[in-house]
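Visitor: model the structure of this input:
(2 chains)
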There are 2 protein chains.
Amino acid sequence: MYWLGIDLGGTNIATGVVDENYNIIGRGKVKTNRIGRTPDDIADDMAKAVYMAIEDAGIDKSEIVAMGIGSPGSIVPETGTVAVANNLGFKNLPLCQMLKDRTGFDFYIENDANAAAYGELLAGAGRGKKNFVAITLGTGVGGGIIIDGKIFSGFNHAGGELGHTVIIQNGEQCACGRQGCWEAYASATALIRQTKFAMHKDPTSIMWEIAGSIENVNGLTAFDAMRKGDETAKKVVNQYIEYIAVGIVNMINIFQPEVLCIGGGISKEGDTLIKPIESFARLDRYSKNVAMQTEIKTAELGNDAGIIGAAFLCNLYK
Amino acid sequence: MYWLGIDLGGTNIATGVVDENYNIIGRGKVKTNRIGRTPDDIADDMAKAVYMAIEDAGIDKSEIVAMGIGSPGSIVPETGTVAVANNLGFKNLPLCQMLKDRTGFDFYIENDANAAAYGELLAGAGRGKKNFVAITLGTGVGGGIIIDGKIFSGFNHAGGELGHTVIIQNGEQCACGRQGCWEAYASATALIRQTKFAMHKDPTSIMWEIAGSIENVNGLTAFDAMRKGDETAKKVVNQYIEYIAVGIVNMINIFQPEVLCIGGGISKEGDTLIKPIESFARLDRYSKNVAMQTEIKTAELGNDAGIIGAAFLCNLYK
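Guide: The predicted model follows:
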């Protein structure tokens, strides 16, 4: 028996056939090509990517139990629709039905961040746990919440916006309209802004050499320069980690999950990131005197989390 | 059939016999008298308060289905124990068993804030809802979270500390050890501090007249002076409400509950408090474009919420 997951992204439609041990045994990939294309065109390509993965896996489609979709935007899992996905121009789109029409399979759908959190729960950092929070530090700060083994997203499925909690009232402008959101300090986007700001104040920093030019600064620039002994870069990294930690401790005080995992490009820094966050958590969490404590880990599955989580969404409807 | 709840507080042990319509039909009350008394002494008084309520209700004890306790501190509901309640000198105390030994009844136990949230869910602001958040603005800022009709408190029951989420990094010192917690800005204690600070800066404010002296300032001083046209008081109230709103919007973005209720002494201000918070929420919540929105309400049951919630904890174990 196999399961199939679709990770619908702004750039790529990635699919995978997943076995009962959560191994991806066949993959498909099609460019999303958003510009000038209708939802039907995109659904056609999703179906194409489904068949690519089945062929790559070398299985018969009758061996597949269920299929699932992780989609950006605001999702209504009960009706299988995308309420809004601005990025893709979707509005009240019955995406599960559209895929069923094209493949004959029943489809389940979730927000992409939730699907990825579910994937990490099943096969990654949250394996064997029932209460789990996944944070992604990318363009924004995303959150996926698992309570009692199920995805939690509030009564209207618009919850779990952990990046849009203010940590500095009246602080930096956030893309969401508020000021001072965690995302405006702890995303990779924010780190790049912080790095550039520090470079402008210190023309002697080796960050200039590492990046080549100010336009080439990325989320690794400050980390790399720090490892070469650059004091300005060290300050940038320390401050950035403190911003991350403030939000992480907030989430621990709220959720007390068994595991809180941190994913996204920055999480590849591993212990450089996790160890100081653990120190902040030990010092600052409200539950200092409690025997059982939240474990803070890096995410394990990278981009595969979304495919694996989507593939097994059917389990949530048993 | 009846249920019986015990609200174990630092000052009073309050009990109530509750009918199937959530009416309290008999009450008991005993001073907690913490000083110099053992856990066994307190359990004796709790049993006494149980029998007072049964007598007051004029029922036979055989008509009672189950009993429950809302206790301060860190609770382990599964084992019926209080892990720690510093306030009462309890440590790893098998309080449910101790009450069973004294009364013959099976007891259920929860943290007092959680029991009160459950009471509001059953019979108050959250009636008929499944996803619900209760915030209490008192000495601190407390939180009770209901997800899918059940109390949520994390895997170690230490979660739901909504007041201990930082809204201003490196801000006011909080009693928990962190700086800038929501509680340090939005509790009644914080409001009193903010009121006194403003009075010292404005010797002409009528808050001096209303309070009589600086020691008599309470959570109502600024609200009362504002209603009499005092500009300084108005600024204090507006700033205080903004502090509350920042945290409320954070909680909406995280939980998207059907109802979020605000309790505690300050909540008696009603619409003076709720209307501006609603305005902030409309403007700031991440879910601006979502059809279904969280309703913000004041708590309805006051101190009875804890008794009613505790009485029906047995429902969570069916």
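Visitor: domain map for chain A?
Guide: Following automatic domain parsing, one gets these domains for chain A: A:2-122+A:304-317, A:129-298.
Visitor: now mean pLDDT too, for these, in TSV please.
Guide: Shown next, in TSV, are the domains of chain A (pLDDT from 0 to 100):
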stretch	mean pLDDT
domain A:2-122+A:304-317	95
domain A:129-298	96
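Visitor: who wins for proximity to chain B among those domains?
Guide: domain A:129-298 (2.5 Å; Cβ to the nearest Cβ). Heads up, the C-betas are built off the backbone N, CA and C, glycines and all.
Visitor: next one: the closest one to chain centre, how far?
Guide: Relative to the centre of its chain, domain A:129-298 is centred 13 Å away, using Cα atoms, centre = their mean, to the nearest Å.
Visitor: what's the first-to-last distance across it?
Guide: Distance between the two ends of domain A:129-298: 15 Å, counting by Cα to Cα, to the nearest Å.
Visitor: rewinding a little: reformat the domains of chain A as CSV; add distance to chain B and mean neighbour count.
Guide: Below are the domains of chain A laid out as CSV (distance: least, Cβ to the nearest Cβ, whole Å; neighbours: other Cβ atoms under 10 Å in any protein chain shown):
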stretch, distance to chain B, mean neighbour count
domain A:2-122+A:304-317, 6, 20
domain A:129-298, 3, 20
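Visitor: ok, which of those domains comes nearest residue B:271?
Guide: With distances scored as Cβ to Cβ, the stretch of the domains of chain A nearest to residue B:271 is domain A:129-298 (23.8 Å).
Visitor: residue B:33 is nearest to which of the domains of chain A?
Guide: Taking Cβ to Cβ, domain A:129-298 is the member of these nearest to residue B:33, at 25.4 Å.
Visitor: tell me the phi and psi of residue A:114?
Guide: The phi/psi pair for residue A:114 (degrees, to the nearest 10) reads phi -70, psi -40.
Visitor: contacting residues for it?
Guide: Going by Cβ atoms under 8 Å, 6 or more residues apart in numbering or on different chains, residue A:114 touches A:70, A:75, A:144-145, A:151, A:153, A:160, A:309.
Visitor: now the helices for the stretch 51-200 of chain A?
Guide: Under the criterion DSSP state H, counting those that start in this stretch, the stretch 51-200 of chain A carries helices at the ranges A:95-103, A:112-123, A:183-186, A:188-201.
Visitor: CSV for those, including distance to residue B:4?
Guide: Listed next are the helices of the stretch 51-200 of chain A as CSV, based on distance: least, Cβ to Cβ, whole Å:
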stretch, distance to residue B:4
helix A:95-103, 48
helix A:112-123, 39
helix A:183-186, 47
helix A:188-201, 53
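Visitor: how about these, which one is nearest residue B:198?
Guide: Evaluated over those, closeness to residue B:198 peaks at helix A:183-186, with 29.7 Å, by Cβ to Cβ.
Visitor: what packs against the closest one?
Guide: helix A:231-255 (3 or more Cβ pairs under 8 Å, 6 or more residues apart in numbering or on different chains; DSSP states H and E).
Visitor: the helix it packs on - contacts with which helices or strands?
Guide: Packed against helix A:231-255 by the contact rule (3+ Cβ pairs under 8 Å, 6+ apart) you find strand A:132-137, strand A:141-147, helix A:183-186, helix A:188-201, helix A:221-227, strand A:259-263, helix A:271-284.
Visitor: that older thread, closest to residue B:203 out of the helices of the stretch 51-200 of chain A?
Guide: For those, the distance to residue B:203 is smallest for helix A:183-186, at 39.5 Å, taking Cβ to Cβ.
Visitor: what sits up against that closest one?
Guide: For helix A:183-186, contacts defined as Cβ under 8 Å, 6+ apart pick out A:137, A:140-141, A:163-164, A:167-168, A:171-176, A:190, A:240, A:243-244, A:247.
Visitor: same thing with stretch A:84-99?
Guide: A:6, A:8, A:10, A:32, A:34, A:39-40, A:42-43, A:46-47, A:50, A:67, A:69, A:71-74, A:79-83, A:105-109, B:289.
Visitor: endpoint to endpoint, that stretch covers what distance?
Guide: This stretch, stretch A:84-99, spans 17 Å end to end (Cα to Cα).
Visitor: mind listing what the nearest residue in space to residue A:242 that is not next to it in sequence touches?
Guide: Using Cβ to Cβ, 6 or more residues apart in numbering or on different chains and skipping the chain neighbours, the partner closest in space to residue A:242 is residue A:280 (7.0 Å). Contact partners of residue A:280, counting by Cβ under 8 Å, 6+ apart, are A:241-242, A:245-246, A:248-249.
Visitor: which member of the residues you listed is positioned nearest residue B:299?
Guide: Nearest to residue B:299 among these, counting by Cβ to Cβ, is residue A:249 at 27.5 Å.
Visitor: not counting sequence-adjacent ones, nearest residue to that closest one?
Guide: residue A:284 (4.6 Å).
Visitor: looking at it, that neighbour is touching residue B:181, isn't it?
Guide: No: with contact defined as Cβ atoms under 8 Å, residue A:284 does not reach residue B:181; the gap is 9.8 Å.
Visitor: residue B:268 is nearest to which of the domains of chain A?
Guide: Comparing the domains of chain A by Cβ to Cβ, domain A:129-298 comes nearest, at 25.5 Å.
Visitor: dump the residue contacts of the nearest residue to residue A:150 once chain neighbours are set aside.
Guide: Once flanking residues are discounted, residue A:150 sits nearest to residue A:316: 5.9 Å by Cβ to Cβ, 6+ apart. Going by Cβ under 8 Å, 6+ apart, residue A:316 touches A:108, A:118, A:150-151.
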